[in-house]
Every structure is written in structure tokens, then in C-alpha cells.
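Participant: what follows is a protein structure lacking sequence information:
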């Protein structure tokens, strides 16, 4: 799957992933009114609004970017109807040729991670027939449980041609509480990064990178610099650009000299761009056009940093 | 919520939680045949079989135990129909008076953890009306992201009278890879445990324990002993008993002198007891009675250890 992603990054010349994390507050009134009119002011109505919103964002940006990253928590908080919207969003994005990174941050003991891997990347066998489930292209995974929490995911990646991104250094302010603590002279995130490099060694694609990637926050560029060297064959998914404070000039450290090796996520900065003064001229009705412009501006910001 | 749990533990005199982790291989043929006949050999059929299986396990054990712990991965692997079965299982267990621990191991950056906390313990506001979602009583949470990944959960716990169990030392063989590494002279799990104690300090119930609990695997009794002292007011959820290798005599270290402070999970050992030679006399049709007997035997095993 890493080969597909790298190919699309090269084709679009945009190492950018659009984070589809739609809070109700981001959704223009006309979309909410229509959905509430059709389904009621309830979980179904809210979930329908979210899907319509996502669909228009995808339509306005799919030719510019290689991938989208729906954050499942934003859908799970609308219960089962929300998860229907998640499922539909994944399917729609794939139908437009986008790589879908399911930001699910799952991870558990071996037998349970196996079920999560099936749910998000694999298929379930029911009396001899196989059924696909959420079927994202990549999933994000939490490393706290160690190798036997990861192996079921890498096994499914091998079988199904999928990929994962493992949390190494997260973008949030308190990520350092545990992740930065020194063990044997190195921070925890570096130990995790070394294991990511090892876990991914059997999944190196033709492009030279592994289908086992890492998450390192844009908010910690100095960590990006170190981890770029620790994990030479690892693609780094970089959240935290834009709304969380990461800037274009901070991003260069996450890339290799080949201009590859990293893909930068922006969520609010793109999908809620119209709420930002810089894109106010688009208005609420023009939110999808504002998102497109925000992608173009982000692309220029990253290019200017090189 | 910890007061409710402790009260039920005292009433049943059983610090036991039944893990509702139904793999298809655990489900007797007559239940599968009925469900496949009604819904087809597909995700709906499999999910209907899982729900029927759970319901009968609950009916056979709810008077003996304080709580059940459905592992959401086992449902997520059947996609949306599987999550309907999860939702129905939570609702049915609550209707029988059981405390429900949603084993979801969620955790993310602050704004995302907030959504997960809403999804599992809280309610979502849609244009002024609040809707409950999965609405478990407790959820399990991953600590890798630090305080701002945890606080949204403890905030919702305060508002809604719910609780969480945070992963400290997991039961799986490779849990030590990161969790045992020494930082500042103490293993990572101990740092996490100290934070659990701190995070929980504002949520101490009348029983003297906090609604912020910890997960420490039965497979590491020596860690249980240490963590029992590090986190005096923390309830410990102990997985890994039975099928994973934890034994009754190993469990004493997880309890305080008051006989409280820990609750032991068994999943396969109870729900698939009928597949075990010791319970073969119940047969496949008697799987629920076998589960009941396995709970009684587990209770005796724990009691004999004291």
C-alpha cells in the first residue's frame, strides 16, 4: 500500500492528507437544516449532515491530494449512525481514488489486535465466505502493548496489501509525559521508532519505504529530525500542522532528501477553512471552495519551505 | 460509578467480571444455524448469533457477578452489524443490573479523546438536545498520549458519574518491551501508575476508591504487588486469568487488606467453558450452564487463595 501512496504523492506533488474530522460546529447551516429536515434533529440527521459535508470536501479536493484521514472518534461520538457516516465516507473517498488512512488508534493484546486488524484492514471469514469490513487502506495503531499487539496488524498488511502508521511521538502538548522520558539514554519515542523500523522491515515496497509508517507530530520538529534518521525507510504521518501550531518551515526535517518520507495532515485548517479570516470571502456556502484554496495554500507553504 | 461497582462486588461476593469476547468459534452450532437461517450467512447473521450467545451467557451469570466486559474489537470485526450487537449487548447487560466495562482501549489527543469520551461514557449535544451513545459505565483507556489524552475522559466521568480503567501493565507476553523499561529508576508502568493515582484523586468515591482505575495483567503478579502500593485508591481491573495463564493464587497481590481493590476478568475461561474438558459434561447446548459453573469455580478459586 505504501507504493500506491507514494505514487499518488508524486502524481499530485502534494504530501498532504486532508483530515476528515467534522465537528458539528464546522458544518454550514444549510447542510444541517437539510439533514435535520430529512432525518430529524437526532443522530441520524447529524450523521447525514456529516456525510454530505465530507462528500463535498472530497469533491473539492480529491484531484489535489493523495489521501484523506477520517478520525473515527468524530463519528463514533454519533453512535451507530455516526459509524455509518464513517463507513460511507471511507467508501466515497476510495471511489474517488483517494488513499484512506483510518485514524483509529487501535491496539490491544494479540488476539484482540487481530480482530481490530480484521475490522479495519482485513476481512472476516463467516462459514467459508469472506466479508470486508471498514476496509481502510491504512490504520493508525497504538504501540503501548509491544510487538504482539502490532504483529496481527503487520500480518494483515502483508496478506491484504495494506499499511499502518504507529504512534511514535504525538502532536499534543502533554505527549512528552511518557514519550519523552529517557530509558537507557534514549527517549521512549526513539525506542518505539526503532521498533517501528524493525516491524516494518518485512514490508518495504518498491518505492523503498515500508507499509509500516510512524506518526510524529509537526509540533515537535526537532523530534522529526531525529526520527527521520532513526527510521530511514519509514513514512512519517505528520499531524499538528496548522490549527495545532505546526508550520511549513518546521516540516522539512520530516522529509528525506528525495523529497519523500513524510505526509502532512491538516484537518480543521482545511475542512473549516471558511471560518478562518483568510478565507472569509468564500462564505459559509462556499466552504468546499475554501477548503480547496486552503489545500493549495498549504501545498505552497510546504513547497516554499524546501 | 466506582461506588456502584464496589457495592455490587460486595453483594455478589465475587470480584469477577465476565469478558464478553465472543469469537464465532465459541458459538454453538444451533445458535449459528438459527441466526444464519434468519439473516443469512453474513455479517448480520453472525452478529445476531453473537448477541443471542451473549444474552444467554448474561442470563446464566448476572446474579453471580457484578460486571461484564465486552471487548469491542470482537464486534468491530463484524463491521456495523457487529457494532449493533455490541450496543445491544451493553443495553441488555445494563437491563439486568450489571455494570458494563466497555473494553475499548481508546485514547488520542485532547479534542479527539473528548469525542471518544462522549461516544462511550457521555452524550452528544445536537442543536440543544442530548443523545446518549454507547453509554457503557466504564471504558478502558490507553495512556500513551499523557494527561491531555486522559483529562477529557475524567471530565466526562465527573459529569456523568462514569469511570475508566487506564492501561498500566498489560497481560500480553510482550507488554514489557516498553512498559517495563526503566526511566528515572522506575519502569514505565510505574510512572503510568503514579499518574493514574494522580488523575483519579478528584474522583474518589464514598468507598474510598477512585472511578479512575487501572489495568494490570494477572500474568504479572509481582507487578500487581508493587502497583497495589503505588496506587492505594485505585481499583485494578485484572485481565489474563485462566486462558492467558493467570492463577487464583497469583491474584492476592492485587487486592487490599479490605478484600477490595481488584476485579478479575475472565473471558474465554467462562464464555467458552463448555469447550474445556472440565465442563464437557454440559455439552454444546449447555454452554450457558457451563459458563455459570465456570464462574462459581472461579469464585471458589479466588476465595481459596485468600
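Facilitator: In hand now; what should we look at? Quick caveat, the model's predicted, so the values are computed rather than measured.
Participant: continuing past the stretch of helix or strand residue A:193 belongs to, what's the next helix or strand?
Facilitator: In this structure, residue A:193 is located in helix A:188-199 according to DSSP states H and E. Remark: after helix A:188-199, the chain's next helix or strand is strand A:210-216, criterion DSSP H and E.
Participant: close to chain B, is the helix or strand just after that following strand?
Facilitator: Where DSSP H and E defines the elements, the next helix or strand beyond strand A:210-216 is helix A:221-230. No - with CB under 8 Å from any CB of the partner chain as the criterion, chain B is not reached by helix A:221-230; the gap is at least 14.5 Å. Where C-beta positions appear, they are placed from N, C-alpha and C, glycine not excepted.
Participant: quick one on the thing from earlier: contacting residues around the helix holding residue A:193?
Facilitator: A:143, A:146-147, A:150-151, A:154, A:166-169, A:178-181, A:183-184, A:212-214, A:216, A:223, A:226-227, A:230-234, B:177-178, B:181, B:183, B:188 (CB atoms under 8 Å, 6 or more residues apart in numbering or on different chains).
Participant: for residue A:283, give its distance to chain B.
Facilitator: With distances taken as CB to the nearest CB, to the nearest Å, residue A:283 is found 22 Å from chain B.
Participant: grab the nearest non-local neighbour of that residue.
Facilitator: residue A:274 (6.9 Å; CB to CB, 6 or more residues apart in numbering or on different chains).
Participant: isn't the one you found right up against residue A:292?
Facilitator: No - judged on CB atoms under 8 Å, residue A:274 makes no contact with residue A:292 at a distance of 10.8 Å.
Participant: ok, the two, which is more surrounded?
Facilitator: Ranked by neighbour count (other CB atoms under 10 Å in any protein chain shown), residue A:274 and residue A:292 place residue A:274 first, with 23 against 20.
Participant: for the more buried one, what are its contacts?
Facilitator: Counting by CB under 8 Å, 6+ apart, residue A:274 has contacts A:28, A:280, A:282, A:283, A:284, A:286, A:287, A:290, A:291.
Participant: any quick ChimeraX command for the buried ones out of those residues?
Facilitator: Those of these that count as buried under 16 or more other CB atoms under 10 Å in any protein chain shown are selected in ChimeraX with:
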select /A:28,282,286,287,290,291
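Participant: could the contacts of residue A:274 go into JSON lines alongside distance to residue B:302?
Facilitator: Shown next, in JSON lines, are the contacts of residue A:274 (distance: CB to CB, whole Å):
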{"residue": "A:28", "distance to residue B:302": "57"}
{"residue": "A:280", "distance to residue B:302": "64"}
{"residue": "A:282", "distance to residue B:302": "63"}
{"residue": "A:283", "distance to residue B:302": "64"}
{"residue": "A:284", "distance to residue B:302": "60"}
{"residue": "A:286", "distance to residue B:302": "64"}
{"residue": "A:287", "distance to residue B:302": "58"}
{"residue": "A:290", "distance to residue B:302": "60"}
{"residue": "A:291", "distance to residue B:302": "57"}
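Participant: wait, residue A:118 sits on residue A:133?
Facilitator: Yes - counting by CB under 8 Å, residue A:118 does reach residue A:133; the two are 6.7 Å apart.
Participant: name the residues contacting each of those two.
Facilitator: With CB under 8 Å, 6+ apart, residue A:118 and residue A:133 have common neighbours A:124, B:77.
Participant: ok, these two, which is more surrounded?
Facilitator: It is residue A:118, of residue A:118 and residue A:133, that has more neighbours when counted by other CB under 10 Å, with 25 against 21.
Participant: may I ask which helix or strand encompasses the more buried one?
Facilitator: With DSSP H and E as the criterion, the answer for residue A:118 is helix A:110-121.
Participant: could you report the distance from residue A:13 to residue A:67?
Facilitator: Applying CB to CB, to the nearest Å, one obtains 14 Å for the distance of residue A:13 from residue A:67.
Participant: kindly report the same for residue A:210.
Facilitator: For residue A:210 relative to residue A:67 (CB to CB), the value is 17 Å.
Participant: try residue A:112
Facilitator: The value you get for residue A:112 to residue A:67, if CB to CB is used, is 27 Å.
Participant: what's the answer for residue A:3, then?
Facilitator: 13 Å.
Participant: next: residue A:162.
Facilitator: Distance from residue A:162 to residue A:67, by CB to CB: 13 Å.
Participant: anything in contact with each of the two?
Facilitator: Common neighbours of residue A:162 and residue A:67 (CB under 8 Å, 6+ apart) are residue A:137.
Participant: which residue, other than its chain neighbours, is closest to residue A:62?
Facilitator: Using CB to CB, 6+ apart, the closest residue to residue A:62 is residue A:96 (4.2 Å).
Participant: three-state assignment of residue A:93?
Facilitator: With DSSP: H, G, I helix; E, B strand; the rest coil as the basis, residue A:93 sits in helix.
Participant: how much space between it and residue A:59?
Facilitator: 11 Å.
Participant: so which residues on the stretch 151-300 of chain A come close to chain B?
Facilitator: Checking the stretch 151-300 of chain A against chain B by CB under 8 Å from any CB, the hits are A:167, A:170-179, A:181-184, A:188, A:191-192, A:195, A:239.
Participant: what about these, which are in helices?
Facilitator: Among those, the members found in helices (DSSP state H) are A:176, A:177, A:178, A:179, A:188, A:191, A:192, A:195.
Participant: using JSON lines, please lay out those residues together with neighbour count.
Facilitator: Formatted as JSON lines, these follow (neighbours: other CB atoms under 10 Å in any protein chain shown):
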{"residue": "A:176", "neighbour count": "17"}
{"residue": "A:177", "neighbour count": "21"}
{"residue": "A:178", "neighbour count": "22"}
{"residue": "A:179", "neighbour count": "24"}
{"residue": "A:188", "neighbour count": "25"}
{"residue": "A:191", "neighbour count": "21"}
{"residue": "A:192", "neighbour count": "25"}
{"residue": "A:195", "neighbour count": "21"}
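Participant: rewinding a little: so between residue A:13 and residue A:67, which is more surrounded?
Facilitator: In terms of neighbours (other CB under 10 Å), residue A:67 is the more surrounded of residue A:13 and residue A:67; the figures are 25 against 12.
Participant: pretty sure the more buried one is touching residue A:99, no?
Facilitator: Yes - between residue A:67 and residue A:99 a contact is recorded at 4.0 Å, counting by CB under 8 Å.
Participant: the stretch 1-150 of chain A: helices as residue ranges?
Facilitator: A:2-12, A:29-39, A:43-61, A:73-76, A:79-95, A:110-121, A:147-160 (DSSP state H, counting those that start in this stretch).
Participant: residue A:178 reaches residue B:146, doesn't it?
Facilitator: Yes - contact criterion CB under 8 Å: residue A:178 and residue B:146 qualify, at 5.9 Å.
Participant: can you report phi and psi for the residue located most distally from the centre of chain A?
Facilitator: Going by CA atoms, centre = their mean, the residue of chain A most distant from its centre is residue A:127, 33.2 Å out. When read as degrees, to the nearest 10, the backbone of residue A:127 gives phi 50, psi 40.
Participant: residue contacts, the nearest residue to it once chain neighbours are set aside?
Facilitator: Nearest residue to residue A:127, sequence neighbours excluded (CB to CB, 6+ apart): residue B:41, at 4.9 Å. The contact partners of residue B:41, by CB under 8 Å, 6+ apart, come to A:126, A:127, A:129.
Participant: so for the closest residue to residue A:302 other than its chain neighbours, what's the pLDDT?
Facilitator: In space, and not counting its chain neighbours, residue A:302 is closest to residue A:248: 5.2 Å by CB to CB, 6+ apart. Turning to residue A:248, the model gives it a pLDDT of 81.
Participant: surely residue A:248 and residue A:299 touch.
Facilitator: No - in this structure, residue A:248 is not within contact of residue A:299 by CB under 8 Å, at 9.7 Å.
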